[in-house]
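> below are the sequence and a predicted model for it; my questions follow.
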Amino acid sequence: MRTAAFPFRAIPHALFSLFFPADCRICNTPLGRWTRVPVCASCIAAPAPLEAEYFCSLCRTPFLNPHPLDQHGVCAACRSGLLGFDRATSFGFYEGHLRGLIHLFKYAGMRPLAHPLAQLLERALPVDEAYDVVVPVPLHWKKKWQRGFNQAELLARHLAKRRRLPLLKALRRRKSTEAQATQSIAGRRRNVAGAFMAQPGVPLAGKRVLLIDDVMTTGATASACAAALKRGGAKSVSLLTLARVDRRPGTN
């Protein structure tokens, strides 16, 4: 009976594809079957891991030559303590297929993309680090209400489940900030100064925190979050993002 019933269960999907044909929202290739997300398998599998000539060993900022790095491979921002987190890792650059997938997930409300995107996050997770908790970068309640969800929280939930780590909503965004994309590097830091606080009563003392966000540009938001987590008692904060903006000269 189960095998006989299978074709009937497939009929709604076939009818949907027949009367509502769809193309991949990234490459425009016709989709061969019904899917919750109008993206073909090739585009979902296309994002490539981040590659560059030289990296800071802590924040993983890419450089065209080794001159900005000291003998330990650490950049000036990390040497000066400008970044509040202890380490940062991203899967890839914020461009091409990865940028397209993030935009569909974040701005077009395609929540099912959280699963394959979280798999990319897991691929970027350093194997030589241990963590006690996973914490998503929070949205202000107004932005979350407008969007309907917090993209960082969805990614963090998938990753925490796969790694069997507790997910803590340990941060609160206590003020709405201007869009970071319109700000200079210094303006971004001023924009998020004091924007985050550790949630009272959340057990952070001595914890090694894995902080999750979708995109890293200058690190200003993550640094402000890390500072708040450390004020709340966190021992260390490592940032993990899907993508980072390539700020090397001539790359954008």
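It's in.
> quick check, Ser238 in a helix?
No - the assignment for Ser238 by DSSP: H, G, I helix; E, B strand; the rest coil gives strand, which leaves it out of any helix.
> show the residue spans covered by the helices in the chain.
2-19, 41-45, 76-79, 96-107, 114-124, 141-147, 151-163, 185-192, 220-231 (DSSP state H).
> could you give the mean pLDDT of the last one?
It refers to helix 220-231. For helix 220-231, the mean per-residue pLDDT is 93.
> rewinding a little: need the winner for burial among the helices of the chain.
Neighbour counts (mean count of other C-beta atoms under 10 Å) averaged over each of the helices of the chain peak at helix 220-231, with a mean of 23. In short, each C-beta sits where N, CA and C put it, glycine included.
> from the contact counts, what lies against it?
Applying 3 or more C-beta pairs under 8 Å, 6 or more residues apart in numbering; DSSP states H and E, one finds that helix 220-231 contacts strand 171-173, helix 185-192, strand 196-198, strand 208-216, strand 236-244.
> starting at the chain centroid, how far to it?
Mean-position distance between helix 220-231 and its chain equals 16 Å (C-alpha atoms, centre = their mean, to the nearest Å).
> show residues contacting it.
82-86, 88, 135, 137, 170-171, 180, 185, 188-189, 191-198, 204, 209, 211, 213, 216, 234, 237, 239, 241 (C-beta atoms under 8 Å, 6 or more residues apart in numbering).
> over to stretch 106-126?
25, 36-37, 39, 44, 47, 49-50, 87, 89-92, 98, 101-102, 104-105, 147-149, 151, 154-155, 157-159, 162-163, 212, 214, 238, 240-242.
> then stretch 130-141?
147, 150, 152-153, 155-156, 159-160, 163, 165-173, 175-177, 196, 204, 207-213, 221-222, 225, 229, 238.
> how about Arg87, nearest residue that isn't a chain neighbour?
Ser238 (4.5 Å; C-beta to C-beta, 6 or more residues apart in numbering).
> same check on Asp246?
Asp246's closest residue in space is Phe93 (C-beta to C-beta, 6+ apart), at 4.7 Å.
> cool, thanks, talk later.
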